[in-house]
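Q: Structure, please.
(one chain, ligands or ions: 1)
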Amino acid sequence: MSGITCKFGGSSLADATCIRQARTIIEADENRRFVVPSAPGKRNAGDRKITDLLYAWHRIAAEGLDASDPRRIIADRFAELAEQLDVQFDILGLLDEIATQAGRGTADYMASRGEYLNGRLMAEVLGATFVDPAECIFFKASGHFDERSYAVLGEKLRGEGRFVVPGFYGSLPDGRIKTFSRGGSDVTGAIVARATASDLYENWTDVSGFRMTDPRIVPEARRIEEITYQELRELSYMGATVLHDEAIYPVRATGTPICIKNTHEPENPGTRIVAERESDRPVCGIAGRAGFSMISIEKALMNKEKGFGLRILSVLEEHDVSWEHMPTGIDTISLIVRTEDLDGKTEDILAAIRERCRPDSLGVTENLAMIATVGQGMNHHIGVAARLCGAMAEAKVNLRVIDQGSSEMNIIIGVEEEDLATAVKAIYHAFADWDC
Ligand code: ASP
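A: Just a heads-up that it's a prediction; the model follows:
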């Protein structure tokens, strides 16, 4: 099989005008054969997402209370869509069926109905075949995605014409519905692209791809034309959102490119996510986030003491804290953790490290922000770190931590939280037009 899988996010299907626009995009290319819709999103800032209404319906019904409000709002929204799009759609009948499960079924079941209903509607709008993921996207009893889905799904999507596969959910071995985490229709899109051996996975949303850094900090930040799966992983880990971070894995294995496109500006090329990028630009993106703390440990001749690192990390494990970075010196080691993970445990953790490791000094620095400067070309370009540090010096930002990942694909720095925006701006300007 081949063709294009196109996933449309909730903001791209929020009202009849958006859905018509999505239909125009889909019909403009006969290769766009596999369509993965989200549930309708917000039409304006004060509006509600259908998924949120369904979670509310579940909560209210589970308390044994009257959930007629969310049910009516959902009914009205789908009835209006069907009328404006001029398709037959028995929303009241479908909601009656769903209502029998409200309060008895799981939250996952209820939440998944937004995609289910929108999938049914989109299949009508496109004259396409509806495929229910409950029958072909499987989770193991552990809750992890079951790779056997690819073959079953691929079989279901064989044949002529277009198919609509609602995003966000599948089923457990006992038949119960299970959803991915929020925003999970992106993952369904990637699974469908892999199962159909699509040539391309288009992810249609409300922005024209990724920007080199957060536009709330640098409004003029340029669009990233191409980024590798691995670079994107590094940036999303640090807080760049647009695509669900699990959506890369199914297509990465086959090297299928993902293209992030804007439904409201379809001619914009957006961002392509690929295995290897053509441009050799050393830095492709900068992402930062606040909310980190650093535990610093110093002990003379630490390097000669076997099992020192193990003992420190065992303390974190026992307190259920995971570490994010671990820069080391000769006689020093620092553990960078998310401050929220420490939540009331700091004193106990310090006491345990003191007892188990007998350090010469031990301290915690809070209110750190970590910033990742990411780019695959960095490993063969001289001067990236120098340029980064120079930019920090010029912006008068004190560098608390520097850590170059072992992949030589990113440099992570730690700064005071209050310096986060200044540092990101300075790094962006140092690299955006670097003619190296
Ligand atoms: N509708 C779900 C959510 O709001 C899934 C998705 O849109 O991808 O999270």
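
Q: ok, residue 198 to residue 34 distance?
A: 6 Å (CB to CB, to the nearest Å). Quick note: C-beta positions are derived from backbone N, CA and C, even for glycine.

Q: joint contacts of these two?
A: Common neighbours of residue 198 and residue 34, counting by CB atoms under 8 Å, 6 or more residues apart in numbering, are 3-5, 192.

Q: and the gap between the residue of the stretch 301-436 of the chain at minimum distance from the ligand and residue 334?
A: When distances are taken as CB to the nearest ligand atom, the stretch 301-436 of the chain reaches nearest to the ligand at residue 340, 21.7 Å away. Separation of residue 340 from residue 334 (CB to CB): 19 Å.

Q: So if I had to pick from the two, which one is more boxed in?
A: residue 334 (21 against 9; other CB atoms under 10 Å).

Q: On the three-state scheme, the more buried one is what?
A: Under DSSP: H, G, I helix; E, B strand; the rest coil, residue 334 falls in the strand class.

Q: Quick check, pLDDT for the residue nearest to residue 185 when sequence neighbours are not counted.
A: Of all residues not flanking residue 185 in the chain, residue 167 sits nearest, at 2.4 Å (CB to CB, 6 or more residues apart in numbering). As predicted, residue 167 sits at a pLDDT of 98.

Q: Residue 167 touches residue 184, doesn't it?
A: Yes. If you go by CB atoms under 8 Å, residue 167 and residue 184 touch, sitting 6.8 Å apart.

Q: who has more neighbours, those two?
A: Using other CB under 10 Å, the more surrounded residue of residue 167 and residue 184 is residue 167, with 33 against 21.

Q: Contacts only, for that one.
A: Applying CB under 8 Å, 6+ apart, we find residue 167 in contact with 7, 36-38, 115, 184-189.

Q: Name the SS class of it, please.
A: Applying three-state DSSP: residue 167 is coil.

Q: Could you shift the numbering so residue one becomes 369, and keep it that way?
A: Renumbered: residue one is now 369, and that last one reads residue 535.

Q: Now do stretch 609-625: everything it contacts.
A: 548-549, 551-555, 557-559, 561-562, 565-569, 571, 573, 575, 577-578, 597, 600-601, 604-605, 626, 628, 640-643.

Q: Just the buried positions in it, please.
A: Within stretch 609-625, the residues that qualify as buried by neighbour count (16 or more other CB atoms under 10 Å) are 610-616, 618-620, 624-625.

Q: Can I get those in CSV including pLDDT and secondary structure?
A: Below are those laid out as CSV (pLDDT from 0 to 100; DSSP: H, G, I helix; E, B strand; the rest coil):
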residue, pLDDT, secondary structure
610, 82, coil
611, 91, coil
612, 92, coil
613, 84, coil
614, 91, coil
615, 94, coil
616, 93, helix
618, 96, helix
619, 96, helix
620, 94, helix
624, 96, coil
625, 97, coil
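
Q: Is the ligand within reach of the longest helix along the chain?
A: Counting residues, the longest helix found in the chain (DSSP state H) is helix 475-494. Yes. Counting by CB under 6 Å from any ligand atom, contacts between helix 475-494 and the ligand involve residue 482.

Q: Partner strands of the helix or strand that that helix is followed by and their direction?
A: Heading C-terminal from helix 475-494, the first helix or strand you meet, by DSSP states H and E, is strand 497-498. Applying DSSP bridges, strand 497-498 is found paired with strand 531-532 (parallel).
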